[in-house]
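# heads up, no residue letters with this:
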């Protein structure tokens, strides 16, 4: 591989991490190691391309496998994949033709990372200069896939046998629930007591929760996008979305995407959330400075958003162009 490609990739990664600090993001241990790795590639003029954990940290305690750096090092390939969209977007905006690629070698007694470079251009990620007038562009800060079992569950309406299995499971649960609820109701009538009454009320509450979950699931399989639960969002990314992508005859792919943008009205940070007004969108982007007025749509395919409130349209640079 040409040295210039490696140097370009290293410089891109280093400046990207520096940009995260400038924007007051909270880089992980992985980002710090990526910056150190890139710096060593630059200092050696692309002669140093193989790294151990010891090469990337400055304190003995950070070398431990159970430390934040040790865990990040062992999962460096997956980590880079999670942040690759944001890195690619930064590279495209700043005219870097290459970004780093990492290959973890675990065949030796000590794990090592091999540093290489890949082209930054990727279909679907457009440069800042290519954003249509009046639109905002979302940065996919993080993106990773859920376990395959979730893809199976989300494919129940797309394939026959999973749907049959789902119907059987739901019917069995519903029948068992009705039997328990009826027994509790009869017990409350024939021998009323605080325990039987509380049991009956609890059964009604459980039924209500399950019904809401089923309705949410049905809506998700139709819209194919929903806000992720907090347990699926990282600490540094308060709001993420789960997007279901059909995958031919296979189970659909589920991706957790953390996206953000800069508000064109006040320069505030736009985060994803549920609409707080009557809206056809399942998920919107709302500015932290004024979340009730500075609101935008969210398109995870084009990575664009358009003003969806009168105030946002009125302040938009191209207010004469109407977009839904």
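On my side now, so go ahead. Note that this is a predicted model, so its numbers are computed, not measured. Numbering: from 1, shown residues only.

# Output the contacting helices and strands for the strand or helix carrying residue 261.
Assigned by DSSP states H and E, residue 261 belongs to strand 250-262. Strand 250-262 sits against strand 136-137, strand 139-145, helix 148-154, strand 241-247, strand 269-273, with contacts defined as 3 or more CB pairs under 8 Å, 6 or more residues apart in numbering; DSSP states H and E. Glycine gets a C-beta too; all of them are placed from N, C-alpha and C.

# next one: that strand to chain centre, how far?
5 Å (CA atoms, centre = their mean, to the nearest Å).

# and stretch 209-223, which residues are buried?
217, 220, 221 (16 or more other CB atoms under 10 Å).

# whoops, I mixed them up, stretch 13-24
13, 14, 16, 17, 20.

# Can you tell me the closest non-neighbouring residue to the fourth one?
With CB to CB, 6 or more residues apart in numbering as the measure, residue 35 is the residue that lies nearest to residue 17, at 4.3 Å, once sequence neighbours are left out.

# which ones are touching the one you found?
By CB atoms under 8 Å, 6 or more residues apart in numbering, the contact list for residue 35 reads 13, 14, 17, 18.

# gap between it and residue 15?
9 Å (CB to CB, to the nearest Å).

# try residue 125
18 Å.

# ditto for residue 229
For residue 229 relative to residue 15 (CB to CB), the value is 34 Å.

# Quick one: mean pLDDT over the helix or strand residue 204 falls within.
Assigned by DSSP H and E, residue 204 belongs to helix 194-223. Helix 194-223 shows a mean pLDDT of 79.

# elements contacting the helix or strand following that helix?
Note on helix 194-223: by DSSP H and E, the next helix or strand toward the C-terminus is strand 225-227. Judged by 3+ CB pairs under 8 Å, 6+ apart, the packing partners of strand 225-227 are helix 194-223, strand 241-247.

# Kindly recompute the last result at 7 Å.
strand 241-247 (3 or more CB pairs under 7 Å, 6 or more residues apart in numbering; DSSP states H and E).

# quick one: buried residues of the strand it packs on?
241, 242, 243, 244.

# possible to save these as a markdown table with distance to residue 66?
Listed next are the buried residues of strand 241-247 as a markdown table, based on distance: CB to CB, whole Å:
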| residue | distance to residue 66 |
| --- | --- |
| 241 | 32 |
| 242 | 30 |
| 243 | 33 |
| 244 | 35 |
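
# Closest one to residue 203 out of the residues you listed, please.
residue 242 (29.7 Å; CB to CB).

# pretty sure the closest one is in contact with residue 256, am I right?
Yes: using CB atoms under 7 Å, residue 242 is in contact with residue 256, at 5.7 Å.

# So which bits of the strand holding residue 261 are buried?
Result for strand 250-262 [16+ other CB under 10 Å]: buried residues 251, 252, 253, 254, 255, 256, 257, 258, 259, 260, 261, 262.

# Between which two of these is the distance greatest?
251 and 262 (35.8 Å).

# which residues of the stretch 1-150 of the chain fall in strands?
Shown for the stretch 1-150 of the chain, the strands assigned by DSSP state E, counting those that start in this stretch span residues 50-51, 98-105, 112-119, 136-137, 139-145.

# can you pull the contacts of the residue nearest the centre of the chain?
Centroid-nearest residue in the chain, with CA atoms, centre = their mean: residue 257, separated by 2.1 Å. Shown in contact with residue 257 (CB atoms under 7 Å, 6 or more residues apart in numbering): 140, 143, 240, 241, 243, 300.
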